[in-house]
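> structure here, sequence nowhere to be found:
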């Protein structure tokens, strides 16, 4: 298990003055929507216009391990995002749904933020992406994000109103491009697993990647065997110019905001190298 998103966000917000901080993501089944709204509203009041929230299904294996995987994840997420947005703008909420029940509740006027934070859906499957386009303010795409995946996701989201698209990507920048590619390989061990199929399916080498994973003895061997050209497409990795070019491709495809995830044992050193992209 990793650290709690809201606690970490609060710490970063308190230690900074200008940067936006995103929480990605809160599993809908793990947190009561009314209490989540109170915590989020507090952060939005203390740090106006500096926080975004992503809500998702959570990793199925994790959620099942704590007995919190619903029979209909889509229904739960639809109810949750809809009600969370209503609560954050100060609406009086009455809802008797399949998973979420609220009997006449609203944030106290002293607790409601002047500007409600955006609520994104952190999802990957086609039905969940369509849900995001219908109820959320934006979509968070987990890594790896390629231009082909962005275009396919937007087709499935089919937004009919303003909708932001946040893309996570493993990243490493080095004047030696081969060193950057080597640095991101361990973080790509998971892309051959079934949960990551939506990310890989739009790519021309999808079938070859699946075959490679089936022949490898475990994720480490798989990541080591990935061709350099595949690694270049599955991460933002290379020289500063190559990284900037990769980011430009993502923005051209429709990404609104790109999040670069550092790699290695010293994240602060990695962050310094990523600054070269700017």
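Yep, that arrived. The structure displayed is predicted, hence computed values, not measured ones. Numbers count the residues shown, from 1 in each chain.
> name the SS class of the nearest residue to residue 55 once chain neighbours are set aside, please.
The shortest distance from residue 55 to any non-neighbouring residue, by CB to CB, 6 or more residues apart in numbering, is to residue 26 (5.0 Å). (Glycine included, C-beta is placed from N, CA and C.) Assigned with DSSP: H, G, I helix; E, B strand; the rest coil, residue 26 falls in the strand class.
> and residue 26, what does it touch?
5-6, 36, 53-56 (CB atoms under 8 Å, 6 or more residues apart in numbering).
> just name the closest of the residues you listed to residue 100, please.
Distance ranking of these against residue 100, using CB to CB, places residue 36 first at 11.0 Å.
> sec struct for the closest one, please.
Residue 36 ends up helix, using three-state DSSP.
> for residue 53, grab phi and psi.
For residue 53, the backbone dihedrals (degrees, to the nearest 10) come out as phi -120, psi 130.
> which residues in the stretch 151-278 of the chain form helices?
Using DSSP state H, counting those that start in this stretch, the helices of the stretch 151-278 of the chain run over 177-184, 197-200, 206-215, 219-225, 228-234, 240-253, 267-274.
> about what we covered before: narrow the contacts of residue 26 to those in helices?
Cross-referencing the contacts of residue 26 against helices under DSSP state H gives 5-6, 36.
> mind checking which of those are buried?
5-6, 36 (16 or more other CB atoms under 10 Å).
> ok, now which ones touch residue 127?
residue 74.
> the host helix or strand of it: which residues count as buried?
Residue 127 is located in helix 126-135, with elements delineated by DSSP states H and E. Within helix 126-135, the residues scored as buried using 16+ other CB under 10 Å are 128-135.
> returning to that earlier point: looking at the helices of the stretch 151-278 of the chain, spot the one closest to residue 44.
Checking the helices of the stretch 151-278 of the chain against residue 44 by CB to CB gives helix 267-274 as the closest, at 25.6 Å.
> for the longest helix belonging to the chain, name the packing helices and strands.
Among the segments of the chain that qualify as a helix by DSSP H, the longest is helix 73-88. Here helix 73-88 touches helix 33-46, strand 51-56, strand 93-96, strand 119-122, helix 126-135, going by 3 or more CB pairs under 8 Å, 6 or more residues apart in numbering; DSSP states H and E.
> and the last one with strand 51-56, angle?
Between helix 126-135 and strand 51-56, the angle formed by their directions is 140 degrees, by axes from the mean of the first three to the mean of the last three CA atoms, to 10 degrees.
> quick one: average confidence on helix 126-135?
Helix 126-135 shows a mean pLDDT of 97.
> next secondary structure after it?
Next helix or strand after helix 126-135 toward the C-terminus (DSSP H and E): strand 138-141.
> residue 63 contacts residue 56, doesn't it?
No. At 10.2 Å, residue 63 does not count as touching residue 56 under the criterion of CB atoms under 8 Å.
> looking at these two, which one has more neighbours?
Neighbour count, other CB atoms under 10 Å: between residue 63 and residue 56, residue 56 has more, with 24 against 18.
> what is the burial count for the residue nearest to the more buried one when sequence neighbours are not counted?
Excluding its sequence neighbours, the residue lying closest to residue 56 (CB to CB, 6+ apart) is residue 122, at 3.5 Å. Counted with other CB under 10 Å, residues neighbouring residue 122 total 27.
> which ones are touching residue 122?
Going by CB under 8 Å, 6+ apart, residue 122 touches 24-25, 54-56, 139-140, 142.
> farthest-separated two in the residues you listed?
55 and 142 (13.4 Å).
> if you count surrounding residues, which of those two has more?
Comparing residue 55 with residue 142 by neighbour count (other CB under 10 Å), the higher total belongs to residue 55, at 27 against 22.
> so what's the more buried one bridging to?
residue 26, residue 121 (DSSP bridges).
> pretty sure residue 192 is touching residue 213, no?
Yes. Counting by CB under 8 Å, residue 192 does reach residue 213; the two are 3.3 Å apart.
> what sits in contact with each of these two?
Contact with both residue 192 and residue 213 is made by residues residue 222, according to CB under 8 Å, 6+ apart.
> and stretch 49-63, what's buried?
Using 16+ other CB under 10 Å as the burial criterion, the residues of stretch 49-63 that qualify are 50-58, 63.
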